[in-house]
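# the sequence and its predicted three-dimensional model are supplied below.
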Amino acid sequence: MRVALVGARGHGARHVENLLRLGHDGVATFVGVVDVADVDVPVPSYPDLPSLAAELHPEVVVVSSPPATRRDLVLEAFGLGCDVLVEKPAVLSVADFDEISAAAHDRGLVCQVGFQTQGTGSYRRLCSLIGSGALGDISGIGAAGRWVRTDSYYERAEWAGRQGEDGTLVNPFAHALQNALLLADVEERTDITVELELYRCRDTITADDTACVRVTSDGAPPVVVATTLCATTSLPPVVLVHGSLGQAVWWYDDDRLTVNDHRMAVAPPADLLENLIRHRQSGEPLVAPLAAARAFTSVVEQCGKADVPLLPARRVGDRVVLDGIDEVVVRAAEKVATFAELGCRFGR
């Protein structure tokens, strides 16, 4: 299938590499890119999608542009008759989510969201374990994200650190949130309750750099996700599934899963673009369909509207450290408890 890419810089560079790989393997034809800047790619570059489509006729468009631009680009791609793989977050509001969902349905097109960890073998194995009852009754799902980020992280793009487009749950630890919602089986539900605690340790940003969210829904286990970019040391993000017969620990970035301290064998990962192409060619189910991002989008929208108070923190060279947060985010995931419930001095 003929594939075009919108946004070839930043994370988009990974899509360039993947498209070249798929071209070499004969899976896809990488026809061109759209970018507002000059980019060094071995395919034609265009200033906008209609110009590219008029000459190159793509069948699939990969959207890896800044978050606030994605809604319009997805709708534009649909208008050209193209299926879409869009980076997360696909959109920033539930209204926009419903709009692009309806547009895809009306045109008979599909939209996959760039939650690549849903394609990992560890995710599929964990879903199987939960579904089979191997973990018993699930009492809660916790996730912890703990990274160190320097000032340059917020200088990489105009939208970085901007509330409504960025934030730990919206961008760097979006996978932690989405994975927890999926494992709780609430990803498509409209009746979720969201409790947010958002904070920032830099006065140069408006989005959070430290956060905790609890998501609950009738008949589903509670979800708590705690995150920070102001840690003393970075650790791989982790999802904990608390069951009556044991605990699963999933390091999704490493595609590693343990159950009761026993490492589980997992299948190879599935590439999201390859999966979308096979979906079109043979009906293979989508790995990360847009429909499965509804609850995530609801949390994203609320993150864009919530208060984000400034916390006192230590400046250490080109980074900021929030003392004690390293342990707190892990405890929140372990206890499925909010910052406030853990007695944090900054908890509400």
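Now that the structure is in, tell me what you want to look at. Numbers count the residues shown, from 1 in each chain.

# okay, the nearest residue to residue 314 once chain neighbours are set aside: pLDDT?
Nearest residue to residue 314 in three dimensions, chain neighbours excluded: residue 321, at 4.7 Å (CB to CB, 6 or more residues apart in numbering). (Glycine included, C-beta is placed from N, CA and C.) Residue 321 carries a pLDDT value of 98.

# same deal with residue 167?
The model reports residue 167 with a pLDDT of 98.

# and what of residue 347?
57.

# tell me where the stretch 51-200 of the chain has helices.
In the stretch 51-200 of the chain, the segments counted as helices under DSSP state H, counting those that start in this stretch are 70-79, 94-107, 121-132, 174-183.

# output the contacting helices and strands for the last one.
Yep, that's helix 174-183 we're talking about. If contacts are counted by 3 or more CB pairs under 8 Å, 6 or more residues apart in numbering; DSSP states H and E, helix 174-183 sits against helix 121-132, strand 138-148, strand 210-216, strand 223-228, strand 230-243, helix 294-303.

# and with 7 Å instead?
Judged by 3 or more CB pairs under 7 Å, 6 or more residues apart in numbering; DSSP states H and E, helix 174-183 is in contact with helix 121-132, strand 138-148, strand 223-228, strand 230-243, helix 294-303.

# what do you get for the first one?
Contact here means 3+ CB pairs under 7 Å, 6+ apart; on that basis helix 70-79 packs against helix 49-56, strand 60-63, strand 83-86, helix 94-107.

# mind running it again at 10 Å?
strand 2-6, helix 49-56, strand 60-63, strand 83-86, helix 94-107, strand 111-113 (3 or more CB pairs under 10 Å, 6 or more residues apart in numbering; DSSP states H and E).

# just to revisit the earlier point, what's the most buried one of the helices and strands packed on helix 174-183?
strand 223-228 (a mean of 29; mean count of other CB atoms under 10 Å).

# CA atoms only for it - export them in PDB, please.
Presented in PDB, the C-alpha positions along strand 223-228 are these (Å, rounded to 0.1, in the frame of the first residue of the first chain):
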ATOM      1  CA  VAL A 223      -6.900   2.500  37.900                       C
ATOM      2  CA  VAL A 224      -4.300   4.700  39.400                       C
ATOM      3  CA  VAL A 225      -1.400   6.100  37.300                       C
ATOM      4  CA  ALA A 226       1.300   8.200  39.000                       C
ATOM      5  CA  THR A 227       4.000  10.000  37.000                       C
ATOM      6  CA  THR A 228       6.800  12.500  37.200                       C
END
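
# so for that strand, mean pLDDT?
According to the model, strand 223-228 has a mean pLDDT of 98.

# quick check: neighbours of that strand in the sheet, parallel or antiparallel?
Using DSSP bridges, the strands paired with strand 223-228 are strand 138-148 (parallel), strand 210-216 (antiparallel).

# okay, the helices of the stretch 51-200 of the chain in CSV with mean pLDDT and distance to residue 198 next?
CSV is the format used below for those (pLDDT from 0 to 100; distance: least, CB to CB, whole Å):
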stretch, mean pLDDT, distance to residue 198
helix 70-79, 98, 22
helix 94-107, 98, 18
helix 121-132, 98, 27
helix 174-183, 98, 13
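
# could those be laid out in TSV, adding distance to residue 7?
Listed next are the helices of the stretch 51-200 of the chain as TSV, based on distance: least, CB to CB, whole Å:
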stretch	distance to residue 7
helix 70-79	9
helix 94-107	17
helix 121-132	26
helix 174-183	17
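
# which residues of this structure score low on pLDDT?
347-348 (pLDDT under 70).

# contacts only, for the residue located most distally from the centre of the chain.
Within the chain, residue 55 marks the point farthest from the mean C-alpha position, 32.5 Å out by CA atoms, centre = their mean. By CB atoms under 10 Å, 6 or more residues apart in numbering, the contact list for residue 55 reads 31, 32, 44, 46.

# what strand or helix carries the first one?
If I follow you right, that is residue 31. Element membership for residue 31, per DSSP states H and E: strand 29-34.

# need the next SSE after that strand, C-terminal direction.
As assigned by DSSP H and E, the chain's next helix or strand after strand 29-34 is strand 45-46.

# output stretch 39-51 as CSV, nothing but the C-alphas.
The C-alpha coordinates for stretch 39-51 follow below in CSV (Å, rounded to 0.1, in the frame of the first residue of the first chain):
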residue,chain,number,x,y,z
VAL,A,39,13.7,17.5,5.9
ASP,A,40,16.4,15.1,4.7
VAL,A,41,14.3,12.1,3.4
PRO,A,42,14.7,10.0,0.3
VAL,A,43,11.2,10.7,-0.9
PRO,A,44,9.5,13.9,-2.2
SER,A,45,8.5,16.5,0.3
TYR,A,46,5.4,18.7,0.1
PRO,A,47,4.1,21.7,2.2
ASP,A,48,0.6,20.2,2.7
LEU,A,49,-1.3,17.0,2.3
PRO,A,50,-3.6,17.9,-0.6
SER,A,51,-0.6,18.8,-2.7
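
# still on that earlier bit, so which of the helices and strands packed on helix 70-79 gets nearest residue 267?
Across those, the minimum distance to residue 267, taken as CB to CB, is reached by strand 111-113, at 19.3 Å.

# which residue, neighbours along the chain excluded, lies closest to residue 56?
Per CB to CB, 6+ apart, closest to residue 56 is residue 31, 4.3 Å.

# now do the contacts for residue 151.
Residue 151 makes contacts with 202, 204, 315, 317, 318, 319, 320, as judged by CB under 10 Å, 6+ apart.

# shouldn't the third one be within a helix?
This means residue 315. No - the assignment for residue 315, made by DSSP: H, G, I helix; E, B strand; the rest coil, is strand rather than a helix.
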